[in-house]
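Peer 1: I'll drop the sequence and a predicted model, then ask my questions.
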Amino acid sequence: MLEVWKWANLTLAFAMELVALAALALWGWKTATAIPAKLVLAVGAPLLAAVAWSLFAAPKATFDYPLLAVVTKVLVFGGAAVGLWAASYRAAAVVFVTVLVANLLAIRLGHITL
């Protein structure tokens, strides 16, 4: 049963990373007014977040600095939540943050290693 709990939480953590990228894309699309700017922000914001994540926050990150990993995670997840809020998806922002915090607590309290 513990193995199922571990993999369920790790799967949810990965899903939250994907949701964060989607939220950044949504924010980019909703924020800009002109189509070229919409495309740049909707593609650029999640792309920048994904690159930063792979460099600093991924389990096999290029640079293994714990402080940079935490900062990257806060910027990506925080940016996604703020982006949802700014794009007038306030309920989605609250649900996103609530699920994220619950998942992080489950991982931390369950001593699950990423």
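Peer 2: Yep, it's here.
Peer 1: phi first, then psi, for Ala87.
Peer 2: For Ala87, the backbone dihedrals are phi -90, psi 10 (criterion: degrees, to the nearest 10).
Peer 1: my read: it touches Ala32, true?
Peer 2: No: with contact defined as CB atoms under 8 Å, Ala87 does not reach Ala32; the gap is 11.2 Å. Heads up, the C-betas are built off the backbone N, CA and C, glycines and all.
Peer 1: list of residues touching stretch 56-73?
Peer 2: Surrounding stretch 56-73, the residues in contact under the criterion CB atoms under 8 Å, 6 or more residues apart in numbering are Ala52, Trp53, Ser54, Leu55, Val76, Leu114.
Peer 1: for the fifth one, which non-adjacent residue is closest in space?
Peer 2: By the measure of CB to CB, 6 or more residues apart in numbering, the closest residue to Val76 outside its immediate chain neighbours is Ala49, 4.7 Å from it.
Peer 1: state the pLDDT value of that neighbour.
Peer 2: pLDDT for Ala49: 98.
Peer 1: now Ala45
Peer 2: pLDDT at Ala45 comes out at 97.
Peer 1: again, but for Leu10
Peer 2: At Leu10, pLDDT is 91.
Peer 1: now name the helix or strand holding it.
Peer 2: According to DSSP states H and E, Leu10 maps onto helix 2-31.
Peer 1: who does that helix touch, helix- and strand-wise?
Peer 2: helix 35-52, helix 66-86, helix 90-109 (3 or more CB pairs under 8 Å, 6 or more residues apart in numbering; DSSP states H and E).
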